[in-house]
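K.L.:
Provided below for reference: sequence and predicted model.
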Amino acid sequence: MHKLTLLTLTAALTLSSAQAQTFKWDAYKGTTLRVLLNQHPWTTAMQEYFPEFEKLTGIKLATETYPEAQFRQKVLVELSTGGQNLDAFMLSPGQEGQLYAKSGWVEDMTGYVNSKTLTAGNWGFSDFYPSVVNSTKYAGIMTGVPIQTETTMLFYRKDLFQKYGVAVPKTLVQLEAAAKTLNGKDGVAGIALRGKGSSATSQFAPYMYAEGSTWLKDGQANFTDPKFVKAMTYYTGLLKNYGPQAALTMSWPEVTNLFAQGKVAMFTDASLFRSIVDDPKSSSVAGKVGFAAMPGRKPTVTTWTLSISKGSRNKGAAWLFTQWATNRENQARVLLKDVPAVRRSVWNTPAFKAQDKNPEWTQAHLTQLASATPLWNPPVSQVGEVRDALGQAIVGILQGGNAAELLKKANDATNTILSKEK
Amino acid sequence: MSLAPTSTPAPRRPVSGGFSSWLDRNIRWVFPAPAMIALMVLTILPLAFNLILSTQERSVSDALPSSYVGLGNYSAALKDERFWNSVKLMFQFTGIAVPLQMLCGLGLALLLNRTMRASGLVRAVVLLPMISTPVAVALIWALMMDPNLGVLNYFLESLGLGRSLWLADSRLVIPALALVDLWQWTPLVSLILLAGLQTMPDEPFEAARIDGASPWQVFRFITWPMLQPAAFAALTLRLIDALKTFDIIEVMTQGGPGTASETLNVYAYHTGFEFLRVGYTAALLTLLLVTVAVVAVGVNLLRRRA
């Protein structure tokens, strides 16, 4: 099986090198590609252009779109059973990259993106933000080609900050001071953050990095590191002292909803949520929202990619789709629909500059993109189980438990999980 | 080639006599065969596969080790705090939801059994919760129970009562979930009991009235004994379903806060789809199946004695 796919690939390589001058978009005419997509703003923005790809290449796209939880399950089940019927799919490498790469389920994209023969002349891989490209690399392979990216940032209520003379916080100390000042003013909570078990772990990451700690150290869990404990105590302290009620049930839908209803002064989460909190259709505070770089200045970057199933029988065609979907024209298109694009050039186009309603957001997102770390999850195969162990500790601390004890328990649980990984 | 009959006398049976007589002899196997094959493919094989899986330590990915562990997964479960917590919660949830459903369902059935104006309409309205999609029901209840924005806290405050944390409170989360289950499944109980009530003969009631029995006596000595078969049927159905409840809990709390509402079925889902521990999950589900079966059989034994 592997030998066969390698053979066909080599054949494709030699074939297209013969035609290096004019890129053959119709090399896989008549192929039907099965593509699994997450119900995500990128998908909504791109879908209407898919017929253009079909016309250009003669390849038929059979796409299926599912809400995120079902989507992740579907991809997992298909890949773990060989992935022969799956060609291309969306992947969030920070979540599944390590597992998929180690399991040998995804094609290494390095050979594709750097190939002169496999890419159309003007495709331009160097145009992608390097930090975003790095966020796709796990276990030594590039798990996909980025299509959109998010950084963690601070969302705040400009009107409240002005009214109470609060400056936009740059450090964690300033962040806590701001939360303290604004808590209870005009009926708002000082700050909202995710407190719901495993979903909170990824948004805790920037706080952990700001305190100078990491998920793992020497391949072992690092949750008992004094800096880690300090960061966790700070994070949960913000919620306990200045947070909304029931913070321990809150993931991003609850946090953004609370902010959109005008019940909280600020929150930190993925930059993508501008589309919820600054849209008059979904938010009562639209127009009053300020955006700033992550306090503590250690943001994380989350990427979605298009990836190719290792078991796919149509890798060449799947690559054509991936290449087309991530070219300059399509990245410019999605950016105009508020999806944070991954190519530098499209942020500078006149079309985008003319319609950019939030230069402040753009500034905050782009300036921190270069320094953002991709490890918003611990780099392990059993991400779900490790996140759960740490998430249990977060909930326990929010319920009044002892941080050091609960983190020690999560640390032990994580080391047990890690000891089983090859 | 002529169509005229041949000179040999026509056989008693048609040419396909071999097959036909085989059919005749084996008809008792042939008729149930489609159903048996479906049962094999859809129930027995997966169950057998699940049992085999439960003896292995296995992940969905080859990057994680897999090996035969015999009953290791079962003994691990018995030592797993989280497993026992989930069993306790499963029975707590069932213990709150099902008795209340039986009581409310009985009351509702007695009420609906009376002839009243627009009784068809009333019955249809009462049945609405049961025919709604559980996921949609759960989402709406979760919104109503939201501690910051929900309508239930608004009502509580209007009544001069304090706000409640609802699903965010570890002690309240199971009763709150049971409330949703109560709302959704009481109609089913009342429907079964109503059917039981409506098939009752009139004579015993007439006799009791003539003898001057009070309404309570009528209920206690006539209605209830005759209603028992229907009541046990409803109880068995609800017990089985309540023990296995998944959709309401997974949508509303995902087992949280922490593991405060993680019943066995929800825990098994997490070990399977989030922790990718397929073998352990298979063992958990086998234990769930055994528990549910024991409860169902137990209820039936009770019924025979009653």
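P.N.:
Looks like it came in fine.
K.L.:
can you tell me the element the residue positioned nearest the centre of chain B falls in?
P.N.:
What sits nearest the mean C-alpha location of chain B, by C-alpha atoms, centre = their mean, is residue B:241, with 1.9 Å. Under the assignment given by DSSP states H and E, the secondary-structure element containing residue B:241 is helix B:224-243.
K.L.:
chain center to whatever helix or strand comes next after that helix, what's the gap?
P.N.:
Counting by DSSP H and E, the next helix or strand C-terminal to helix B:224-243 is helix B:247-252. In terms of C-alpha atoms, centre = their mean, to the nearest Å, the centre of helix B:247-252 is found 15 Å from the chain centre.
K.L.:
if we can go back for a sec, tally of neighbours for the residue lying closest to the residue nearest to the centre of chain B once chain neighbours are set aside?
P.N.:
Nearest non-adjacent residue to residue B:241, counting by C-beta to C-beta, 6 or more residues apart in numbering or on different chains: residue B:185, 7.2 Å away. Every residue, glycine included, has its C-beta placed from N, CA and C. Here the count is done by other C-beta atoms under 10 Å in any protein chain shown, and residue B:185 has 25 residues near it.
K.L.:
let me see the contact set for residue B:185.
P.N.:
For residue B:185, the contacting residues are B:97, B:101, B:129-130, B:238, B:241-242, by C-beta atoms under 8 Å, 6 or more residues apart in numbering or on different chains.
K.L.:
which one is residue 50 nearest to, not counting chain neighbours?
P.N.:
As the question left the chain open, I've gone with chain A. Counting by C-beta to C-beta, 6+ apart, the nearest residue to residue A:50 once its immediate chain neighbours are dropped is residue A:61, at 5.3 Å.
K.L.:
nope, chain B
P.N.:
Nearest in space to residue B:50, with sequence neighbours left out and distances taken as C-beta to C-beta, 6+ apart, is residue B:282 at 4.9 Å.
K.L.:
go ahead and confirm that neighbour touches residue B:77.
P.N.:
No. Proximity of residue B:282 to residue B:77 does not meet the contact threshold set by C-beta atoms under 8 Å, at 10.7 Å.
K.L.:
re the thing from before, list the helices and strands the helix holding residue B:241 packs on?
P.N.:
On a contact count with 3 or more C-beta pairs under 8 Å, 6 or more residues apart in numbering or on different chains; DSSP states H and E, helix B:224-243 meets helix B:81-113, helix B:173-198, helix B:278-305.
K.L.:
need those helices in a markdown table with mean pLDDT, can you?
P.N.:
Below are the helices and strands packed on helix B:224-243 laid out as a markdown table (pLDDT from 0 to 100):
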| stretch | mean pLDDT |
| --- | --- |
| helix B:81-113 | 95 |
| helix B:173-198 | 94 |
| helix B:278-305 | 92 |
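K.L.:
deepest of these, which one?
P.N.:
Ranked by mean neighbour count under mean count of other C-beta atoms under 10 Å in any protein chain shown, those are led by helix B:173-198, which reaches a mean of 21.
K.L.:
what about that helix, distance to the chain center?
P.N.:
A distance of 12 Å separates the C-alpha centroid of helix B:173-198 from that of its chain, computed with C-alpha atoms, centre = their mean.
K.L.:
tell me what angle the helix or strand following that helix forms with helix B:224-243.
P.N.:
Beyond helix B:173-198 on the C-terminal side, the first helix or strand identified by DSSP H and E is helix B:203-210. Relative orientation of helix B:203-210 and helix B:224-243, computed by axes from the mean of the first three to the mean of the last three C-alpha atoms, to 10 degrees: 120 degrees.
K.L.:
now helix B:203-210: buried residues?
P.N.:
The neighbour-count check on helix B:203-210 (16 or more other C-beta atoms under 10 Å in any protein chain shown) flags B:204, B:208 as buried.
K.L.:
now swap in stretch B:234-250 and tell me
P.N.:
Going by neighbour count (16+ other C-beta under 10 Å), the buried part of stretch B:234-250 is B:234-239, B:241-245, B:248-250.
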